[in-house]
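Undergrad: The sequence and its predicted three-dimensional model are supplied below.
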Amino acid sequence: MASHRNSPPLTIITQLLSISFFLLLHSPSPATAVPATNNDAPSSLVNKVCQKTTLCSYNDCVAALALDPKSLSATDAKALAKIALKLAVSNSSSSEKYIDEMAKNEGSSPGLKSALEYCVLQYQSVVLLSFRSALNEVDDDPLTANYDAKFASDGAYYCGEKLKSGGFQSHDVDSIRTRNNYVTIYSDIGFAVTNMIS
């Protein structure tokens, strides 16, 4: 494979993305920050839910739920589902605002602006709508809540595909990919936990 001396090897890019994800998880933003010190071990319910996730790692699942300390001691699937879905709404709302601000940036190219506007639409009409619906349905219709929690990740997927098809490569686009990954994590958690509601 030919490499240009100004382009870093794939391993360096991978390491930078890993470091960026780690830093984003530990950023001070209330919607995405992971507590720096939490000595509470997750409850057996959290362990069961995080072991049932298929799209995110066990550690990512526990870290995402740890944003609300009540989740780590939760023993009722319905209560944990509400906590997880509230976190999903909060995180996704923050991401939608972030992407919307990027779309309004005067420096964005017309193509990138169009892709970002598409992502905002996906967050509004699919991600947030699905997470909010799932949260509202937990008590009365857990099966529909389960479907909606899973469906939320489609909006993030289509956003990512739009950015990828446009060939956009930048730090800003990487930050959107990270935010899309959070949607996938919360969707996976929401699906797993609502599946456990009897």
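TA: Looks like it arrived, so ask away.

Undergrad: for the chain, longest helix please?
TA: helix 77-104 (DSSP state H).

Undergrad: Now it: buried residues?
TA: 77-78, 80-96, 98-99, 102-103 (16 or more other CB atoms under 10 Å). (Glycine included, C-beta is placed from N, CA and C.)

Undergrad: Please work out the average pLDDT along the helix or strand encompassing Leu116.
TA: Here Leu116, judged by DSSP states H and E, is contained in helix 110-122. Across helix 110-122, the average pLDDT comes to 95.

Undergrad: Show me which residues of that helix are buried.
TA: For helix 110-122, a neighbour-count test (16+ other CB under 10 Å) marks 112-113, 115-122 as buried.

Undergrad: Which elements pack onto that helix?
TA: Packing partners of helix 110-122 (3 or more CB pairs under 8 Å, 6 or more residues apart in numbering; DSSP states H and E): helix 77-104, helix 142-165, helix 171-194.

Undergrad: Reformat those as JSON lines; add mean pLDDT and distance to Leu55.
TA: Shown next, in JSON lines, are the helices and strands packed on helix 110-122 (pLDDT from 0 to 100; distance: least, CB to CB, whole Å):
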{"stretch": "helix 77-104", "mean pLDDT": "97", "distance to Leu55": "13"}
{"stretch": "helix 142-165", "mean pLDDT": "96", "distance to Leu55": "7"}
{"stretch": "helix 171-194", "mean pLDDT": "94", "distance to Leu55": "4"}
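
Undergrad: In JSON lines: the ones you listed, plus distance to Ser57.
TA: Listed next are the helices and strands packed on helix 110-122 as JSON lines, based on distance: least, CB to CB, whole Å:
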{"stretch": "helix 77-104", "distance to Ser57": "16"}
{"stretch": "helix 142-165", "distance to Ser57": "16"}
{"stretch": "helix 171-194", "distance to Ser57": "9"}
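
Undergrad: if we compare these, which one ends up closest to Lys52?
TA: Set against Lys52 and scored by CB to CB, those come closest in helix 171-194, at 4.2 Å.
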